[in-house]
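[1] what's the 3D shape of this:
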Amino acid sequence: MATKRSPGLDRIDVKILAELQRNGRSTMQELAMKVGLSPRASLERVRRLEAAGIIAGYRAVIDLTRLSRPINVFAEIILAKHAQRGHVERRLAAIEEVVECWEVTGTTDYLARIMCPDIAAYETLTTQLIDDPNLGISRIVSHVALRPVRRFAGYPESLLSGKPD
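    Sure thing, here's the model as predicted:
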(Lines give C-alpha, C1' and ligand atoms only; values in the text may rest on other atoms or scores of the structure.)
Protein backbone atom coordinates (compact mmCIF):
# COMPACT_ATOMS: atom_id res chain seq x y z
CA MET A 1 0.00 0.00 0.00
CA ALA A 2 1.44 3.37 -0.99
CA THR A 3 1.77 5.94 1.74
CA LYS A 4 0.35 9.40 1.22
CA ARG A 5 2.93 12.10 0.81
CA SER A 6 2.39 14.83 3.35
CA PRO A 7 1.53 18.17 1.84
CA GLY A 8 4.03 20.96 2.37
CA LEU A 9 3.18 22.78 5.55
CA ASP A 10 3.54 26.51 5.90
CA ARG A 11 3.70 28.50 9.12
CA ILE A 12 -0.10 28.87 9.25
CA ASP A 13 -0.58 25.09 8.98
CA VAL A 14 1.87 24.69 11.86
CA LYS A 15 -0.07 27.28 13.89
CA ILE A 16 -3.31 25.40 13.17
CA LEU A 17 -1.78 22.11 14.31
CA ALA A 18 -0.36 23.69 17.46
CA GLU A 19 -3.68 25.34 18.33
CA LEU A 20 -5.73 22.19 17.71
CA GLN A 21 -3.38 20.27 20.01
CA ARG A 22 -4.11 22.80 22.75
CA ASN A 23 -7.85 22.90 22.07
CA GLY A 24 -9.31 20.40 19.64
CA ARG A 25 -12.79 21.79 20.26
CA SER A 26 -12.00 25.28 18.97
CA THR A 27 -14.64 26.62 16.64
CA MET A 28 -13.46 27.60 13.17
CA GLN A 29 -14.12 31.20 14.16
CA GLU A 30 -11.81 30.92 17.19
CA LEU A 31 -9.18 29.03 15.22
CA ALA A 32 -9.31 31.57 12.39
CA MET A 33 -8.76 34.47 14.79
CA LYS A 34 -5.74 32.75 16.36
CA VAL A 35 -4.04 31.90 13.07
CA GLY A 36 -5.00 35.03 11.12
CA LEU A 37 -7.30 33.53 8.47
CA SER A 38 -10.99 33.58 7.63
CA PRO A 39 -13.09 30.76 9.12
CA ARG A 40 -13.61 29.29 5.62
CA ALA A 41 -9.87 29.26 4.86
CA SER A 42 -9.18 27.70 8.27
CA LEU A 43 -11.76 24.98 7.66
CA GLU A 44 -10.25 24.19 4.25
CA ARG A 45 -6.78 23.86 5.77
CA VAL A 46 -8.04 21.66 8.62
CA ARG A 47 -9.83 19.40 6.14
CA ARG A 48 -6.64 19.17 4.02
CA LEU A 49 -4.59 18.26 7.11
CA GLU A 50 -7.18 15.62 8.06
CA ALA A 51 -7.30 14.18 4.52
CA ALA A 52 -3.49 13.91 4.47
CA GLY A 53 -3.59 11.97 7.75
CA ILE A 54 -1.55 14.61 9.59
CA ILE A 55 -4.52 15.19 11.90
CA ALA A 56 -5.24 11.58 12.79
CA GLY A 57 -8.21 12.16 15.08
CA TYR A 58 -9.61 13.99 18.08
CA ARG A 59 -9.90 12.75 21.65
CA ALA A 60 -11.21 13.85 24.98
CA VAL A 61 -8.60 14.22 27.72
CA ILE A 62 -10.04 12.50 30.77
CA ASP A 63 -9.05 13.32 34.33
CA LEU A 64 -9.09 9.72 35.55
CA THR A 65 -8.49 10.77 39.17
CA ARG A 66 -12.07 12.10 39.24
CA LEU A 67 -13.36 8.61 38.43
CA SER A 68 -10.98 6.20 40.16
CA ARG A 69 -7.53 5.79 41.67
CA PRO A 70 -5.75 3.37 39.33
CA ILE A 71 -2.08 2.55 39.51
CA ASN A 72 0.04 3.70 36.62
CA VAL A 73 3.06 1.47 35.94
CA PHE A 74 5.87 1.83 33.44
CA ALA A 75 6.97 -1.73 32.70
CA GLU A 76 10.22 -2.73 31.03
CA ILE A 77 9.55 -5.99 29.19
CA ILE A 78 12.57 -8.17 28.40
CA LEU A 79 12.26 -11.11 26.01
CA ALA A 80 14.16 -14.38 26.22
CA LYS A 81 12.90 -15.47 22.78
CA HIS A 82 13.09 -12.67 20.24
CA ALA A 83 11.53 -14.91 17.60
CA GLN A 84 8.20 -14.40 19.41
CA ARG A 85 8.15 -10.60 18.88
CA GLY A 86 5.04 -10.62 16.69
CA HIS A 87 3.11 -12.80 19.14
CA VAL A 88 4.18 -10.59 22.07
CA GLU A 89 3.19 -7.40 20.25
CA ARG A 90 -0.23 -8.76 19.30
CA ARG A 91 -0.83 -9.87 22.89
CA LEU A 92 0.22 -6.51 24.35
CA ALA A 93 -1.94 -4.64 21.83
CA ALA A 94 -4.95 -6.76 22.87
CA ILE A 95 -4.65 -5.98 26.60
CA GLU A 96 -6.86 -3.03 27.47
CA GLU A 97 -4.74 -2.10 30.50
CA VAL A 98 -1.69 -1.61 28.26
CA VAL A 99 -2.48 1.98 27.34
CA GLU A 100 0.77 2.58 25.50
CA CYS A 101 3.68 0.42 24.42
CA TRP A 102 6.93 1.14 22.59
CA GLU A 103 9.66 -1.11 21.21
CA VAL A 104 12.92 0.39 22.50
CA THR A 105 16.66 -0.06 22.20
CA GLY A 106 19.01 -1.28 24.91
CA THR A 107 18.61 -4.13 27.36
CA THR A 108 14.83 -3.72 27.42
CA ASP A 109 12.74 -4.81 24.44
CA TYR A 110 9.50 -2.96 25.21
CA LEU A 111 8.45 -0.12 27.47
CA ALA A 112 4.76 -0.34 28.30
CA ARG A 113 2.52 1.99 30.27
CA ILE A 114 0.01 -0.15 32.11
CA MET A 115 -2.93 1.15 34.13
CA CYS A 116 -4.75 -1.19 36.53
CA PRO A 117 -7.27 -0.68 39.32
CA ASP A 118 -4.73 -1.88 41.91
CA ILE A 119 -1.41 -3.66 42.45
CA ALA A 120 -3.11 -7.07 42.67
CA ALA A 121 -4.60 -6.66 39.18
CA TYR A 122 -1.22 -5.55 37.84
CA GLU A 123 0.49 -8.54 39.43
CA THR A 124 -2.07 -10.91 37.91
CA LEU A 125 -1.59 -9.37 34.47
CA THR A 126 2.21 -9.53 34.55
CA THR A 127 2.21 -13.06 35.99
CA GLN A 128 0.01 -14.21 33.09
CA LEU A 129 2.42 -12.60 30.61
CA ILE A 130 5.53 -14.14 32.16
CA ASP A 131 3.92 -17.56 32.63
CA ASP A 132 2.81 -17.81 28.99
CA PRO A 133 5.50 -19.95 27.31
CA ASN A 134 4.37 -18.77 23.86
CA LEU A 135 5.48 -15.22 24.64
CA GLY A 136 9.03 -15.86 25.79
CA ILE A 137 9.05 -12.99 28.28
CA SER A 138 11.94 -13.49 30.67
CA ARG A 139 11.43 -10.50 32.94
CA ILE A 140 9.26 -7.47 33.60
CA VAL A 141 10.77 -4.60 35.58
CA SER A 142 8.05 -2.39 37.04
CA HIS A 143 8.20 1.30 37.90
CA VAL A 144 5.07 2.49 39.72
CA ALA A 145 4.38 6.14 38.89
CA LEU A 146 3.94 8.35 41.94
CA ARG A 147 2.73 11.56 40.29
CA PRO A 148 3.02 13.29 36.93
CA VAL A 149 5.59 16.04 36.63
CA ARG A 150 4.62 16.89 33.06
CA ARG A 151 1.94 15.20 31.02
CA PHE A 152 1.90 14.95 27.24
CA ALA A 153 0.25 18.11 25.96
CA GLY A 154 1.13 17.90 22.29
CA TYR A 155 4.22 17.87 20.16
CA PRO A 156 6.63 20.82 20.18
CA GLU A 157 5.74 23.36 17.51
CA SER A 158 9.29 23.10 16.17
CA LEU A 159 8.56 19.47 15.16
CA LEU A 160 5.23 20.22 13.48
CA SER A 161 6.77 21.92 10.46
CA GLY A 162 8.55 18.70 9.50
CA LYS A 163 11.72 20.64 8.78
CA PRO A 164 14.78 21.10 11.00
CA ASP A 165 15.24 24.62 12.36
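[2] Any figure for the gap between L37 and A93?
    39 Å (Cβ to Cβ, to the nearest Å). (Each C-beta comes from the backbone N, C-alpha and C, glycine too.)
[3] between those two, who's got more neighbours?
    Taking other Cβ atoms under 10 Å, L37 and A93 do not tie; L37 has more neighbours (18 against 9).
[4] Isn't that one up against R45?
    Yes: look at L37 against R45 with Cβ atoms under 8 Å: they come within range, at 7.3 Å.
[5] Which residues are in contact with each of the two?
    Contact criterion Cβ atoms under 8 Å, 6 or more residues apart in numbering; residues shared by L37 and R45: I12.
[6] Geometric centre of this structure: which residue is closest?
    E100 (6.3 Å; Cα atoms, centre = their mean).
[7] so how many other residues sit close to G57?
    When neighbours are counted by other Cβ under 10 Å, G57 comes out with 7.
[8] oh, I was asking about V88
    V88, neighbours per other Cβ under 10 Å, totals 23.
[9] Excluding residues flanking it in the chain, which one is nearest it?
    Using Cβ to Cβ, 6 or more residues apart in numbering and skipping residues adjacent in sequence, the residue nearest V88 is L135, 5.2 Å away.
[10] pLDDT value on that neighbour, please?
    At L135, the model reports a pLDDT of 95.
[11] Surely V99 forms part of a strand?
    Yes: counting by DSSP: H, G, I helix; E, B strand; the rest coil, V99 falls inside a strand.
[12] Is it in contact with R113, as I believe?
    Yes: V99 lies in contact with R113 (Cβ under 8 Å); the separation is 5.3 Å.
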